[in-house]
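S.K.: take a look and give me a structure for this.
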Amino acid sequence: MQSVQYVIGNSQIKIRNANAARIFDQAKRSKRVKYWIKYRLPGGKQRKEYVGSLDEFKAFMKNSEGHTKAIVATGYYTGMRKGEILKLTWDKVDLGNRMIRLEALDTKDKEARNIPICDELYNILVSLPNRIQESSDNSHVFQYNGKPVDNIRGGIKRACKLSGIKYGRFAKGRFIFHDLRHTFNANMRKAGGA
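M.R.: The predicted structure follows:
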């Protein structure tokens with residue numbers, strides 16, 4: 001017997017999850033189920049999402065170093081994931097049309113995205129010292145000492161400490177890099193863009 005493999009998209013997964021949740025809800029309401037187990041994530045810790053203010057962002061930017069500042073600004077102004085930012089190469093950045101073009105292979109959800117570059121981010125990208133390498137197709141946008149940046153945790157910790165922002169997971173009011181996505185989405189909702 002031969003098995004057939006197929007790929008399903010994110011929308012199909014969401015539909016299947018919604019259907020499963022509906023089935024569980026119906027079973028729970030029917031009173032036919034004798035035992036109902038409440039499931040929590042491992043460790044029982046749930047992280048509260050953190051949305052930073054503009055003042056906190058400005059303080060952070062004032063107290064952060066060159067490559068950390070550029071990476072955090074990219075996250076704040078685009079809502080991109082840290083992995084997408086750190087792997088970003090100049091061939092995906094179109095400064096002329098002010099657009100970052102991510103292919104499906106570049107994103108976690110395997111969907112291509114075109115991300116506009118605002119004026120503030122444009123000025124930061126143009127000022128990067130390795131921009132002259134733009135002609136090289138695989139040259140990373142964010143580099144430190146000529147090598148691609150792969151970890152900015154230390155730079156973020158220092159800038160947070162100097163800015164008076166708590167850093168880390170699993171505590172109320174603490175910042176981690178992924179919170180830039182939440183902040184971007186909250187700012188988009190406030191502006192009427194999402």
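S.K.: my guess is Asp94 meets Ile100, correct?
M.R.: Yes: counting by C-beta atoms under 8 Å, Asp94 touches Ile100, with 7.4 Å between them. For every residue, glycine as well, the C-beta is placed using N, CA and C.
S.K.: so the two - more neighbours on which side?
M.R.: Each of Asp94 and Ile100 has its neighbours counted (other C-beta atoms under 10 Å); Ile100 has more, 23 against 13.
S.K.: tell me the confidence at Leu105?
M.R.: Looking at Leu105, its pLDDT is 87.
S.K.: now tell me what touches stretch 122-132 from outside.
M.R.: Contact with stretch 122-132 is made by 69-70, 73-74, 90, 93, 95, 98, 117, 139-143, 146, as judged by C-beta atoms under 8 Å, 6 or more residues apart in numbering.
S.K.: go again using 6 Å as the cut-off
M.R.: With C-beta atoms under 6 Å, 6 or more residues apart in numbering as the test, stretch 122-132 has contacts from 70, 73, 98, 143.
S.K.: ok so the first one is a helix residue?
M.R.: The one in question is Ala70. Yes: according to DSSP: H, G, I helix; E, B strand; the rest coil, Ala70 belongs to a helix.
S.K.: next, find the distance separating it from Thr183.
M.R.: Counting by C-beta to C-beta, to the nearest Å, the separation of Ala70 from Thr183 is 17 Å.
S.K.: do the second one as well
M.R.: Noted for Ala73: a distance of 12 Å to Thr183, by C-beta to C-beta.
S.K.: and Pro116, how far from Gly96?
M.R.: 13 Å.
S.K.: neighbour count: these two, which is higher?
M.R.: Pro116 (12 against 6).
S.K.: and that one, what are its phi and psi?
M.R.: Torsion angles at Pro116 (phi, psi; degrees, to the nearest 10) stand at phi -70, psi 150.
S.K.: could you do Thr89 as well?
M.R.: The phi/psi pair for Thr89 (degrees, to the nearest 10) is phi -120, psi 160.
S.K.: distance of it from Asn114?
M.R.: Distance, Thr89 to Asn114, by C-beta to C-beta: 16 Å.
S.K.: okay, those two: which has more neighbours?
M.R.: Taking other C-beta under 10 Å, Thr89 and Asn114 do not tie; Thr89 has more neighbours (17 against 10).
S.K.: for that one, which residues make a bridge with it?
M.R.: The partner list for Thr89 in beta bridges (DSSP bridges) reads His140.
S.K.: how close does it sit to Gln143?
M.R.: 11 Å.
S.K.: repeat that for Gly79.
M.R.: According to C-beta to C-beta, Gly79 stands 22 Å off from Gln143.
S.K.: looking at the two, which one has more neighbours?
M.R.: Gly79 (19 against 16).
S.K.: any low-confidence regions in the protein?
M.R.: 1-11, 13-14, 17, 19-21, 24-25, 27-52, 130-138, 170-173, 193-194 (pLDDT under 70).
S.K.: how does it look with 80?
M.R.: Within the chain, the segments meeting pLDDT under 80 span 1-55, 129-138, 168-177, 182-183, 185-194.
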